[in-house]
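Asker: I would like to see how this sequence folds:
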Amino acid sequence: MENNEARFIQLIEEHKAMLFKICRIYQDDEADRDDLMQEMILQLWVAFGSFQGKSKFSTWMYRVALNTAILFFRKQKRRPDSEQLPDKLDHLQAEATDTEKDEQLTLFYKAIQRLNKVEKALIFLYMEDQPYEDIALNLGISQINVRVRLNRTKNKLKEIVKSMNYEYR
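Answerer: Residues are numbered from 1 along each chain as shown. Next up, the predicted model:
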């Protein structure tokens, strides 16, 4: 068991940037991101024994983490004290930073939050430099469909950013 724990911790450390990105895409509040991170790590640990090595660990981890994020998001939406996503987006506070690049990144993540779950997954995998073949496999669609949907999603993101009164230079 000890060896298993050490291996799990090592793999999580190697791929933690992926987990942070998923948290950032699905949660805008820092406390909610922390909660989601804990939930994803818990679910990864619970499922770790079922990892058979038939795919790369990062691919398996992405699937578990993404499913956890979606379930977490759905549960949060059903809570009576949670606001609906569009309302939350209107009231988001800009993250404390003065640099234009950080402001653009914050805006980008806000725009991503307006996408549906498939579009978010497409953008995430694209940001992770995943080949179209891997994206198609992860999402259960053809490579041609990946290209078409990714192009549409990029255009949709541009429109969302424009609607937020910001134009990338």
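Asker: quick one: low-confidence parts of this structure?
Answerer: Along the chain, the model assigns pLDDT under 70 to residues 1-2, 74, 76-102, 165-169.
Asker: show me where it has helices.
Answerer: For the chain, the helices defined by DSSP state H cover 2-14, 16-26, 30-48, 57-78, 85-90, 100-112, 117-127, 132-139, 143-163.
Asker: Determine the set of other helices and strands touching the second one.
Answerer: By that I understand helix 16-26. Helix 16-26 is packed against helix 30-48, helix 57-78, helix 100-112, helix 117-127, with contacts defined by 3 or more C-beta pairs under 8 Å, 6 or more residues apart in numbering; DSSP states H and E. Heads up, the C-betas are built off the backbone N, CA and C, glycines and all.
Asker: Out of those, flag the one nearest Glu159.
Answerer: The closest of the helices and strands packed on helix 16-26 to Glu159 is helix 100-112. By C-beta to C-beta, the value is 9.2 Å.
Asker: list the buried ones in the closest one?
Answerer: Thr106, Leu107, Phe108, Tyr109, Lys110, Ala111, Ile112 (16 or more other C-beta atoms under 10 Å).
Asker: and the residues you listed as CSV, adding distance to Leu157?
Answerer: Shown next, in CSV, are the buried residues of helix 100-112 (distance: C-beta to C-beta, whole Å):
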residue, distance to Leu157
Thr106, 14
Leu107, 10
Phe108, 8
Tyr109, 11
Lys110, 11
Ala111, 5
Ile112, 7
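Asker: okay if I get the helices and strands packed on helix 16-26 as TSV plus distance to Met164?
Answerer: Below are those laid out as TSV (distance: least, C-beta to C-beta, whole Å):
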stretch	distance to Met164
helix 30-48	21
helix 57-78	21
helix 100-112	6
helix 117-127	16
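Asker: how near is the residue positioned nearest the centre of the chain to Gln43?
Answerer: Closest to where the C-alpha atoms of the chain average out (C-alpha atoms, centre = their mean) is Ile22, at 2.6 Å. Separation of Ile22 from Gln43 (C-beta to C-beta, to the nearest Å): 12 Å.
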